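Asks: Next input, structure requested:
(chains A, B, C, D, E and F, ligands or ions: 6)
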Amino acid sequence: MDLIDLAIGNLTSPIILSFALGLFAALARSDLSVPEAVAKGMSIYLLFAIGFKGGVAVNEAGFSATLVGALVAGGVLSAALPFVAYLMLRAMTKLSALDAAAVAAHYGSISIVTFVAGTSVLDSAGLAYDGWMVAVAAVMEAPAILSALWLVARSGAGRSVDGDLWREILLNGSIVLLIGSFVIGWITGTDGLTRIASFIVSPFQGVLCLFLLDMGLVAGRGLRNSRDVLRPGLLAFGILMPLIGAMAGGVAGVALGLGTGSTMLFMVLGASASYIAVPAAMRVALPEANPSIYLTMSLGVTFPFNLTLGLAIYLSVARLITGG
Amino acid sequence: MDLIDLAIGNLTSPIILSFALGLFAALARSDLSVPEAVAKGMSIYLLFAIGFKGGVAVNEAGFSATLVGALVAGGVLSAALPFVAYLMLRAMTKLSALDAAAVAAHYGSISIVTFVAGTSVLDSAGLAYDGWMVAVAAVMEAPAILSALWLVARSGAGRSVDGDLWREILLNGSIVLLIGSFVIGWITGTDGLTRIASFIVSPFQGVLCLFLLDMGLVAGRGLRNSRDVLRPGLLAFGILMPLIGAMAGGVAGVALGLGTGSTMLFMVLGASASYIAVPAAMRVALPEANPSIYLTMSLGVTFPFNLTLGLAIYLSVARLITGG
Amino acid sequence: MDLIDLAIGNLTSPIILSFALGLFAALARSDLSVPEAVAKGMSIYLLFAIGFKGGVAVNEAGFSATLVGALVAGGVLSAALPFVAYLMLRAMTKLSALDAAAVAAHYGSISIVTFVAGTSVLDSAGLAYDGWMVAVAAVMEAPAILSALWLVARSGAGRSVDGDLWREILLNGSIVLLIGSFVIGWITGTDGLTRIASFIVSPFQGVLCLFLLDMGLVAGRGLRNSRDVLRPGLLAFGILMPLIGAMAGGVAGVALGLGTGSTMLFMVLGASASYIAVPAAMRVALPEANPSIYLTMSLGVTFPFNLTLGLAIYLSVARLITGG
Amino acid sequence: MKTHPAKRVEITIEEIMETRLTTALLKADVTGFTVLPVKGGSGRSGHWTRAGQVGRAGGMVSVVCIVRPDRLDTLLEAAFAVVEPHIGVVSVTDCEVLRAERF
Amino acid sequence: MKTHPAKRVEITIEEIMETRLTTALLKADVTGFTVLPVKGGSGRSGHWTRAGQVGRAGGMVSVVCIVRPDRLDTLLEAAFAVVEPHIGVVSVTDCEVLRAERF
Amino acid sequence: MKTHPAKRVEITIEEIMETRLTTALLKADVTGFTVLPVKGGSGRSGHWTRAGQVGRAGGMVSVVCIVRPDRLDTLLEAAFAVVEPHIGVVSVTDCEVLRAERF
Ligand SMILES: Nc1ncnc2c1ncn2[C@@H]1O[C@H](COP(=O)(O)O)[C@@H](O)[C@H]1O
Ligand SMILES: Nc1ncnc2c1ncn2[C@@H]1O[C@H](COP(=O)(O)O)[C@@H](O)[C@H]1O
Ligand SMILES: Nc1ncnc2c1ncn2[C@@H]1O[C@H](COP(=O)(O)O)[C@@H](O)[C@H]1O
Ligand code: NA
Ligand code: NA
Ligand code: NA
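Replies: Numbering: from 1, shown residues only, chains lettered A, B, ... in the order given. Ligands and ions are numbered 1, 2, ... in the order given. Model (predicted):
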């Protein structure tokens, strides 16, 4: 019952309904659209706010050994999951080694909006979580890319990772903004937060609604243009893989002794698939891989699954395994 | 006195002064301009907020027979007003049948910003109104277009309304967003509102100021480029027609037994002329009609008239006829 | 001690750290960037908010002779400082007369973001200032341009200032918006402010953070592209000139009998260099001057200096000379 | 480098007609094109700018298609059917392309 | 389809000069042109990008005019008078247009 | 007016490759180019639009270079090395320029 209640509560929250509205509008071929600049502006706002708040939380709670453990665990998870994903893709679908590696990279990495939606579910449920989980999110963005490139290099395809690519991967805008605002929040602490709380705290959920409206529009447009990509095998992967990633995240959370909230967020990080940083890296490093496969999988299948059902599942399971 | 006080109060409100500032800047050929993406972003915000709040109000007040009556009345009004407008235009001006029909479509449809400005006047006056009036607004967007196309078809000109055009008219972005957020508000109710109130309620008036600044800029630029369009007959129509539309709206409001606030809003809907949905539809369906005529009339004449004097008049009359 | 505390307090405020983050990201060649439309949108927001609040303050405090005196003093300062700057540049650097005049114009004029950052430092320090200082800022935008053009005309180069250029200088977007919103605030007073305070007051500091992030990105990119411009002489000028400008502003403040807060802001206005209005005017009026010199000086050297160290210095000095 | 002759067609058309035009192009098997945003312009129907516009009625876009010379007529006919009653400009330039197999 | 020879002139100029250029064009009776936004570029005065820019000093626009060949010189003279002291590029290409009566 | 022959090269390439391309051009001493934003398009890898996109993976840009005819090959080689494994289109048009000394 708990799970079903949770799922319904989640499905009828303004943020999920906004996503659904966007999806509907795009599939119905409405001309509704959010300007690119506004979508980017909202994404900058969300990254800045989530990073800042995480930093403030660390400033208050202090640095802890668990934090270091979580960062390491996150890095390992991000690097390891692509191997799992790759093997599954090769077994379940007809993707080439190259395309499989490219898709796998996305599932090792993370989606920060899914993470944010997860924190929003926790807030509704009245559950606390560690502020530094946002740093774990940042750490998990890149390692998956390297694993995927290694997978490709092994098979002889792909190009070598030159200095420019390294920089692009490690200093991509969302990582820099997330870590940067985390550090700013850490330095300024509650004092700093007080000064900008009515910008980064109060309107946060509302901006998230509009951002998810846009994500729904983009996902819907992608699905319309790439229907033929979605073979059953891929679809099954797009739902199975997040569950596996979540399991791995849950194990990490329990092993580190995290609370229910943080464990749930670790599951969300494991489950979510990148749709910003990794696609860009793949375009540069694996230009021969088919972008419509990895974008459709990440944004068209796994993102909606996580948002609508996944979050409720992960929270229920997190409660179970942490006894929360 | 009441009317004059109201008019002065309205004219010195931040939103009207912001509009005036934009108008002045454009007419003085300042290079002040709001980026297109920002203007669109604000319009998405306003539509989302107004729709959502309307839905929440219906969630609270419950569905009523009056609501259905108002929706029907709105649809009829929107479909009927273009005929009145068309006859007046043919009598008062030298516009061709085609141009007259195109202009007429605008006056049957509505301007959501004028509606929002109307709610803002009501808020200042401490008067309540029904949340579902925003649904009436949504319903009134499209019928006028069909009436205008029928008028044109009768005279043999114009092109047939194909499926694409139907979809564009009925699923245009602002209708989808307005109705969509209305439904979201309806589903989530006060709970949902509480979560995003500090985004969609508190900053609303301020965003409206900047949006009206932009509308002033666009209207002013339009007036500068289309001075020669503004013959006396057209000008008179641009001020007379909203009064007639308001009257029709007022009759509908009283007939339905609406309160003062909702009656005033019905008048505003009748009085206002579309400047987003209808111009786009006309460009597609009646490409031979002259856009600078209908845009100048709607945005350059009727919109400022409604904003500055109209709203005060409509409120006074609404008070009178509803005994409010 | 006081000065060092102040400097550290300032350096660890969210707004300065956001600027530093932007600077770092650009110098490290991260792809982080704020869309042009969003940056412009934030700048419109900041100008509108600061102007409006200034107007409201005047509405409350009433018009005073001091205000007129300050406006005159501001105009004189703006017109006079370019001469000082020009002589210094000719003495300290190898710039041509043309380039020196173009740079000088920037230092007579002002940077509204520096001004805003100054008010933010005052707020943190719990010091009041006169709302109309924003009108002084507006008045100081343009006179410096005319002085610079006169300097150039004297040497035979440059083109005559035609009507279009006059209009562009006097009615440029930021002046019109600043003065316009000042007047709106003045007219609507506290009543108007109450209606839009949760838009223009509460989120202000947060928007300022993101805006400064963007300024850091732009300044950093500029520095990367124009490293070779930065000869020692120019660098010294970029740090010396704001100190001189601040001194002149301080003298004006004391002479007018302003309080500590307003005197500090006068110093900030004197110290700051334009990076929007003046560069645009120079491009039109002195196309032969090298833009990368004046932009690098204003945005790459003086702006960061003022933000990080200048503000703390000016506040300390203002306290000293006003006995505040 | 080795280049191959082709035609560059540039169609400036109202933004609201963009989808209709691209649908018509795709139907005529012209599957390669690039859509550029337009900031403003001037023509017989007056001067306009995109600045601050919320609606889509006021704007235009520029669609650039590069095609093999023998496909030009198909393209122009498809485009013309859409553009004809509308404002807008169609121009054709000779060009050379790399990687001819793509066109 | 029947096409007619014309000239496509592309003027890349500083954004602050846009109005002056278009005014000059209109004065020279060149009433048809399209203004494209520019994202960034490089030239003798260095590398620049529009990203995050608030001011208008840093940007350029690209003005595209299609004219009848016999109007080319008038156009170039009008444009040159504005562009001359400024940075920017003027290029002319031969093209063919549909609906020649429009030019 | 006196004009001089030149080549107009238009390279439509993925936005993520923009810096690599411009760096390659600068290295090949092609220091003049203009980057235009692209709104959407279609090709063998499908239909796309920039609307609402947050990431940079989905977009393209159009880089326009005007060069002296004798510099064309250097330019094309530099560009080709970057574009080759990527999607994108390179086209070359003959044009005439004012102020030839600038190129
Ligand atoms: N000769 C031309 N050269 C370039 N663009 C043009 C030309 N004529 C018209 N346009 C573009 O097409 C739009 C509509 O033109 P018109 O149908 O003449 O009003 C204008 O606003 C311009 O953007
Ligand atoms: N050869 C060229 N091809 C295309 N665009 C150019 C060229 N040269 C200059 N530009 C554009 O014109 C601007 C100013 O050029 P410049 O005057 O050389 O600094 C550059 O930033 C480019 O946007
Ligand atoms: N024939 C063409 N004409 C103009 N642009 C094209 C053409 N082919 C491809 N493009 C552009 O290049 C992008 C990638 O093309 P493709 O590699 O074929 O998928 C498309 O999305 C278009 O923006
Ligand atoms: Na993951
Ligand atoms: Na109406
Ligand atoms: Na100054």
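Asks: And the residue of the stretch 51-200 of chain A closest to ligand 1?
Replies: residue A:173 (33.7 Å; C-beta to the nearest ligand atom). From N, CA and C alone the C-beta is placed, and that goes for glycine too.
Asks: Correct me if wrong: that residue contacts residue C:28.
Replies: No: taking contacts as C-beta atoms under 8 Å, residue A:173 lies outside contact range of residue C:28: 11.3 Å.
Asks: Could you pull out the buried residues of stretch A:11-27?
Replies: Residues A:11, A:13-26 are the ones in stretch A:11-27 that count as buried (16 or more other C-beta atoms under 10 Å in any protein chain shown).
Asks: out of those residues, what pair is the most spread apart?
Replies: Greatest spatial distance in the buried residues of stretch A:11-27: A:13 and A:26, 20.3 Å, computed using C-beta to C-beta.
Asks: how far does the one helix or strand residue A:190 maps to sit from the chain's center?
Replies: Taking DSSP states H and E as the definition, residue A:190 sits inside helix A:173-200. Its chain's C-alpha centre and that of helix A:173-200 lie 20 Å apart, by C-alpha atoms, centre = their mean, to the nearest Å.
Asks: Show me the strands in chain D, by range?
Replies: D:4-14, D:33-37, D:40-43, D:46-49, D:60-67, D:88-97 (DSSP state E).
Asks: any idea which of those strands scores lowest on pLDDT?
Replies: Among those, strand D:46-49 carries the lowest mean pLDDT, a mean of 88.
Asks: for the closest residue to residue D:33 other than its chain neighbours, what are its contacts?
Replies: The shortest distance from residue D:33 to any non-neighbouring residue, by C-beta to C-beta, 6 or more residues apart in numbering or on different chains, is to residue D:65 (4.3 Å). Counting by C-beta atoms under 8 Å, 6 or more residues apart in numbering or on different chains, residue D:65 makes contact with D:8-9, D:11, D:25, D:30, D:32-34, D:75.
Asks: at 7 Å instead, please
Replies: Going by C-beta atoms under 7 Å, 6 or more residues apart in numbering or on different chains, residue D:65 touches D:9, D:25, D:30, D:32-33, D:75.
Asks: which of the residues you listed lies closest to ligand 6?
Replies: Ligand 6 lies nearest to residue D:33 out of these, by C-beta to the ion, at 50.2 Å.
Asks: now that closest one, which residues is it bridged with?
Replies: Counting by DSSP bridges, residue D:33 is bridged to residue F:42.
Asks: who touches it in this structure?
Replies: Per C-beta under 7 Å, 6+ apart, neighbours of residue D:33: D:22, D:25, D:63-65, F:41-42.
Asks: State the distance from it to residue F:51.
Replies: 17 Å (C-beta to C-beta, to the nearest Å).
Asks: From the chain's centroid, how far away is stretch A:240-248?
Replies: Computed by C-alpha atoms, centre = their mean, the chain-centroid distance of stretch A:240-248 equals 13 Å.
Asks: pull the CA atoms of that stretch into PDB?
Replies: Taking Å, rounded to 0.1, in the frame of the first residue of the first chain, the C-alpha atoms of stretch A:240-248 are listed here in PDB:
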ATOM      1  CA  LEU A 240      15.600  -2.800 -16.100                       C
ATOM      2  CA  MET A 241      18.900  -0.900 -16.000                       C
ATOM      3  CA  PRO A 242      17.700   1.900 -13.600                       C
ATOM      4  CA  LEU A 243      16.400  -0.800 -11.300                       C
ATOM      5  CA  ILE A 244      19.900  -2.400 -11.300                       C
ATOM      6  CA  GLY A 245      21.600   0.900 -10.900                       C
ATOM      7  CA  ALA A 246      19.300   1.700  -8.000                       C
ATOM      8  CA  MET A 247      20.100  -1.600  -6.400                       C
ATOM      9  CA  ALA A 248      23.800  -0.900  -6.600                       C
END
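Asks: in it, what's buried?
Replies: Buried, per 16+ other C-beta under 10 Å, within stretch A:240-248: A:241-248.
Asks: residue boundaries of the helices in the stretch 151-300 of chain A?
Replies: A:163-170, A:173-200, A:204-225, A:232-255, A:260-271, A:277-285, A:291-295 (DSSP state H, counting those that start in this stretch).
Asks: now, of those, which is deepest in the fold?
Replies: Highest mean neighbour count of the helices of the stretch 151-300 of chain A: helix A:260-271, a mean of 29 (counted as mean count of other C-beta atoms under 10 Å in any protein chain shown).
Asks: Please name every helix or strand in contact with that helix.
Replies: helix A:65-92, helix A:112-125, helix A:133-139, helix A:232-255, helix A:311-322 (3 or more C-beta pairs under 7 Å, 6 or more residues apart in numbering or on different chains; DSSP states H and E).
Asks: which one of those helices lies closest to ligand 3?
Replies: helix A:232-255 (20.8 Å).
Asks: gap between the closest one and the chain center?
Replies: So, by C-alpha atoms, centre = their mean, the centroid of helix A:232-255 is 13 Å from its chain's centroid.
Asks: So which bits of the stretch 201-324 of chain A are right by ligand 4?
Replies: residue A:245 (C-beta under 5 Å from the ion).
Asks: Could you save the contacts of residue D:65 as CSV and add columns showing distance to residue A:34?
Replies: Output for those, formatted as CSV (distance: C-beta to C-beta, whole Å):
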residue, distance to residue A:34
D:9, 30
D:25, 26
D:30, 29
D:32, 27
D:33, 24
D:75, 32
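Asks: which one among these gets closest to residue B:258?
Replies: Out of the contacts of residue D:65, the member with the shortest distance to residue B:258 (by C-beta to C-beta) is residue D:25, at 50.3 Å.
Asks: For that closest one, list the residues it contacts.
Replies: Counted by C-beta under 7 Å, 6+ apart, residue D:25 has contacts D:33, D:65, D:75, D:78-79.
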